[in-house]
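*Asks:* prediction below, plus the sequence it came from.
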Amino acid sequence: MKHKRILLALLLSGSALAAGTDAGTNELSLTTGLDYSTGDYGTNTTSEMWYVPIAAKYETGRMTYKMTIPYLRVTNAVVSPDGDPIQGIDCSGTKTGLGDITASAGYNLLDGSANGLLLDAVAKVKLPTAESKCLGNNKTDYALQFDAARSFGAVTAFGTAGWKDMAKATLRQQIGDALLKDMSVTSPVFPSRGCQRLDPDCHNTDGGTSISESELQRLSD
């Protein structure tokens, strides 16, 4: 599998706007950047993606609000901007346009003043705003996570733990996906290991699967 990614940290920061009597209380910032990736992702097709996000962040007190509006140009896409396989959709050729908009709200639980530990609780939502199914997954996804950071001398440790709701993905589908990707075990959900290589005809197979429908159902119960 060939995959190359280049991130140009242009991050053209817009002017920070202060409001209120305390200049550090309320602040709005705008940033952008450029992400380029290319690869075959285990297929016979070379895929290319240009990703330009426009991100706005507003900080007030312990709250931080963010919104990212992405513009994409993809050629022969075999994976989504999130890295998930694209199946059942013809994404050959070049597609350009708006991607899925993401928004988040974070609350600072610990600011590091007591024991050096920083802890934020963050709620995120991804909206199905993509102009093409090749530019987004056309689903509304939700996530809740906790971000922690603490410095140990010259070293800073980071950690994230959270939950994500992938819309319209049933428990049966999630288990089938995990079996294939983690253990290369086929099932009625993904009956061929070609699904792991992102083959478009991964559901076309004449052979049996590693586990049966009844066994998959028991795992899903």
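*Replies:* Perfect, thanks for sending it. Residues are numbered from 1 along each chain as shown.
*Asks:* any regions of the protein where pLDDT drops low?
*Replies:* Applying pLDDT under 70 to the chain flags the ranges 1-25, 42, 83, 87-88, 166-173, 181-182, 189, 192-209, 220-221.
*Asks:* wait, isn't residue 74 in contact with residue 92?
*Replies:* No: using Cβ atoms under 8 Å, residue 74 makes no contact with residue 92, being 10.6 Å away. C-beta here means a position set from N, CA and C on the backbone, and glycine is covered the same way.
*Asks:* which one of the two has more residues nearby?
*Replies:* Between residue 74 and residue 92, residue 74 has the larger neighbour count (other Cβ atoms under 10 Å), namely 26 against 12.
*Asks:* okay, now the residue lying closest to that one once chain neighbours are set aside: neighbour count?
*Replies:* In space, and not counting its chain neighbours, residue 74 is closest to residue 49: 4.8 Å by Cβ to Cβ, 6 or more residues apart in numbering. Close neighbours of residue 49, defined as other Cβ under 10 Å, add up to 20.
*Asks:* isn't residue 49 right next to residue 72, touching?
*Replies:* Yes: look at residue 49 against residue 72 with Cβ under 8 Å: they come within range, at 6.6 Å.
*Asks:* list the residues that contact residue 163.
*Replies:* 143, 144, 145 (Cβ atoms under 8 Å, 6 or more residues apart in numbering).
*Asks:* got the contact list for the second one?
*Replies:* Just to be clear, that refers to residue 144. Here residue 144 is in contact with 121, 122, 123, 124, 162, 163 (Cβ under 8 Å, 6+ apart).
*Asks:* flag every buried residue along stretch 122-133.
*Replies:* Going by neighbour count (16 or more other Cβ atoms under 10 Å), the buried part of stretch 122-133 is 122, 124, 126, 129, 130, 132, 133.
*Asks:* correct me if wrong: residue 126 contacts residue 81.
*Replies:* No: with contact defined as Cβ under 8 Å, residue 126 does not reach residue 81; the gap is 10.2 Å.
*Asks:* got any residues that touch both of the two?
*Replies:* By Cβ under 8 Å, 6+ apart, residue 126 and residue 81 have these common neighbours: residue 100.
*Asks:* got the contact list for the residue nearest to the spatial centre of the chain?
*Replies:* Centre of the chain computed as the mean C-alpha position; nearest residue by Cα atoms, centre = their mean is residue 82, 3.9 Å away. Going by Cβ under 8 Å, 6+ apart, residue 82 touches residue 137.
*Asks:* you'd agree it is in a helix?
*Replies:* No: secondary structure of residue 82 (DSSP: H, G, I helix; E, B strand; the rest coil): coil, not part of a helix.
*Asks:* mind checking how far it is from residue 102?
*Replies:* Remark: distance between residue 82 and residue 102 (Cβ to Cβ, to the nearest Å) = 10 Å.
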